[in-house]
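Enquirer: next one to model:
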Amino acid sequence: MLTHGLFSIALLVCSNIFMTLAWYGHLKMREEFTWFAALPLIAVIGFSWCLAFFEYCLQVPANRLGFKDNGGPFDLMQLKVIQEVITLLVFTIFSVIAFHTELKWNHLCAALCLIAAVYFSFRQ
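Expert: Here you go, the predicted model:
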């Protein structure tokens with residue numbers, strides 16, 4: 001059961017990398033590549049959908065493996081909180097690396113709130 005949980009979390013991390021690239025990667029590509037900046041919106045949407053395909057190919061099995069009714073260790077709310085925390089962690093790393101976002105004290109406070117959310121979702 002622990003293996004299912006760890007594998008589920010690993011798949012969620014990979015899934016969220018694709019999701020972040022699908023949702024925000026085009027903003028960076030627009031800065032880096034002039035040809036990409038010239039693409040019409042429908043082409044950018046198509047590009048994002050192609051990335052999102054891989055997100056779903058990883059997220060659906062992650063949720064199936066991690067869910068209690070399928071032999072995993074997490075209930076539905078725990079899976080969702082885990083996924084949200086991973087999403088924000090992946091996004092934070094992406095925004096710092098790709099966009100040189102400066103993390104501030106309020107971001108730390110938000111991270112502490114996420115840790116509290118995980119704590120409370122796993123509390124019996």
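
Enquirer: going forward, measure contacts and count neighbours with C-alpha atoms only.
Expert: Will do.

Enquirer: residue contacts, Asp75?
Expert: Asp75 is in contact with Phe67, Lys68, counting by Cα atoms under 8 Å, 6 or more residues apart in numbering.

Enquirer: oh, I was asking about Lys28
Expert: Lys28 touches Ala98, Phe99, counting by Cα under 8 Å, 6+ apart.

Enquirer: tell me which helix or strand it sits in.
Expert: With elements taken from DSSP states H and E, the one containing Lys28 is helix 26-32.

Enquirer: residue ranges in this structure under the pLDDT threshold?
Expert: Counting by pLDDT under 70, the ranges of the chain that qualify are 1.

Enquirer: the helix holding Lys28: what's the following helix or strand?
Expert: helix 34-37.

Enquirer: could you list the buried residues of that following helix?
Expert: Phe36, Ala37 (16 or more other Cα atoms under 10 Å).

Enquirer: ok, residues contacting that helix?
Expert: By Cα under 8 Å, 6+ apart, helix 34-37 touches Met29, Arg30, Glu31.

Enquirer: the same query, at a cut-off of 6 Å, please.
Expert: Arg30 (Cα atoms under 6 Å, 6 or more residues apart in numbering).
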